[in-house]
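Visitor: Got a predicted structure here, sequence first:
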Amino acid sequence: MKENMPNKLQSKFETLTAREKIIVVSAILAALWSGWDNFFYQPLQQKKNLLKQELVSINTQINGQKQTANLLINNGNADPNLSNQKKLNDLKTEYSRLQEQIMLGDKKFVPPNEMAKALSDLLQQDTNLKLIKLDKLPTTTLLAAKQQQHPIYKHELAITFSGNYRDTVNYLKSLEALPWAIVWEHIDYQVKEYPVAFCTINIVTLSFEEGWLGV
């Protein structure tokens, strides 16, 4: 029976000298890194930067609306007329709308009380990858301390799994297809024994709530 292409390549690889094997593996890793950088890392960084700019803008609007609302409340006794009350109600409505603007869209960020479902979606992907570990990282705030009158919290998970390059790419595509707005904060891809590699992905979602369900 005629050997298939992978077996032929494996047999040919085994006949190479140690130096030639190092050169071949180095060339493969360089090609993989180039593809990863062009098709995943750079688009991810652009998406992350645009998202952060949008959230900073929304958070600034929220702070401005809240400050105006506080002024109306504090001056309520001096000028308790219907006009000010209507303005206050309008501001409260706008504040709620801005909060929802972050949480909703074509895709939405995972609310903390629905994190269990998101984790289930992530772990039930039909792949040939082997899950090594899943860690919940400390919750942090998205913006600097001086901007945190109404903080946006960043919830982060680190997923480590093993598999080959093709299955890893398919898994990343499946994450994009989930009904959640998921941001990859960091991806570490290391080939331990070709073609098997270990990959760690830090996945981030945002909310206005600090707490979330434990992992």
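Guide: Thanks, I have it. Numbering: from 1, shown residues only.
Visitor: I'd like the distance between residue 186 and residue 198.
Guide: To residue 198, residue 186 is 14 Å away according to Cβ to Cβ, to the nearest Å. The way it works is simple: take the backbone N, C-alpha and C, and place the C-beta from them, glycine included.
Visitor: Of these two, which one has the most company?
Guide: Neighbour totals were compared for residue 186 and residue 198, and residue 198 leads with 17 against 12 (other Cβ atoms under 10 Å).
Visitor: by contact count, what packs against the helix or strand where the more buried one lies?
Guide: Using DSSP states H and E, residue 198 falls within strand 196-207. For strand 196-207, the elements it packs on are helix 115-123, strand 153-163, helix 165-176, strand 183-193, judged by 3 or more Cβ pairs under 8 Å, 6 or more residues apart in numbering; DSSP states H and E.
Visitor: Tell me which of these is the most buried.
Guide: By mean neighbour count, with neighbours taken as mean count of other Cβ atoms under 10 Å, strand 153-163 ranks first of the helices and strands packed on strand 196-207 at a mean of 19.
Visitor: Near residue 195, how many other residues are there?
Guide: 14.
Visitor: For it, give me its contacts.
Guide: The contact partners of residue 195, by Cβ atoms under 8 Å, 6 or more residues apart in numbering, come to 164, 165.
Visitor: What's the separation between it and residue 28?
Guide: Here the distance between residue 195 and residue 28 works out to 9 Å (Cβ to Cβ).
Visitor: Repeat that for residue 204.
Guide: Taken as Cβ to Cβ, the span from residue 204 to residue 28 is 30 Å.
Visitor: between those two, which one's more packed in?
Guide: residue 204 (21 against 14).
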